[in-house]
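Asks: The following block contains a protein sequence and its predicted model.
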Amino acid sequence: MSRLIIAAAVIVVAGLVAWWAQRNKVDPPTRPEHWTIPAQLDRADFDAPEIPWLVVVFSSATCGVCQLVVAKSQALASRQVAVQEVEYGTDKALHERYGVDAVPTTIIVDQLGVVRRSFVGPVSATDLWAAAAEARDGLPAQPAE
């Protein structure tokens, strides 16, 4: 009988400790669910507005991944595709104008300035090439990622 009372007491104490720990648990810091991606860019704000396609990489000098994304994006440069890096330290006004709040942010823009695809964070060369090809081939714009 005493074992049953001890077991019940241990269960009650364990339950109270678990309840107290759960009640005093600190919520994790909040994170934005979505980063700001502009729907349209003014092509006059960027180099080579006459070239039909524009790939913009919003970056920062303190971002290690950014330079990898810029290098992958540069491979897309051609007579039909202009590629431009917009580094926060030198082009802060463009980051603010378009509300870009995460780097690297890569945006594929058509000749009218409509954002056809976007990526926040690192992007593989395969995904970048495929997105540019889909945009050029006239497939419907994909929602921002």
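Replies: Ah, there it is.
Asks: so when I look at Ala8, I'm seeing a helix, right?
Replies: Yes: assessed by DSSP: H, G, I helix; E, B strand; the rest coil, Ala8 belongs to a helix.
Asks: any idea how far Gln22 is from it?
Replies: Separation of Ala8 from Gln22 (CB to CB, to the nearest Å): 21 Å. For glycine as for every other residue, the C-beta is placed from the backbone atoms N, C-alpha and C.
Asks: Go through stretch 44-51 and flag the buried ones.
Replies: Neighbour-count burial for stretch 44-51 flags 45-46, 51 (criterion: 16 or more other CB atoms under 10 Å).
Asks: Please enumerate residues in contact with that stretch?
Replies: The contact list for stretch 44-51, computed with CB atoms under 8 Å, 6 or more residues apart in numbering, reads 43, 54, 56, 79-82, 84, 86, 94, 97, 111.
Asks: Which element is encountered next along the chain beyond the helix or strand bottoming out on mean pLDDT in the chain?
Replies: Between all helices and strands in the chain, the lowest mean by mean pLDDT, DSSP states H and E belongs to helix 2-23, at a mean of 81. Following helix 2-23 in sequence order, the next helix or strand is strand 53-59 (DSSP states H and E).
Asks: How about the residue most central in space within the chain, nearest residue that isn't a chain neighbour?
Replies: By CA atoms, centre = their mean, the mean C-alpha position of the chain lies nearest to Val120, the distance being 1.9 Å. Spatial nearest neighbour of Val120, chain neighbours left out: Trp35 (4.7 Å); criterion: CB to CB, 6 or more residues apart in numbering.
Asks: Just read off the phi/psi values of that neighbour.
Replies: Dihedral angles phi and psi of Trp35 (degrees, to the nearest 10) take the values phi -90, psi 160.
Asks: Okay then, goodbye and thanks.
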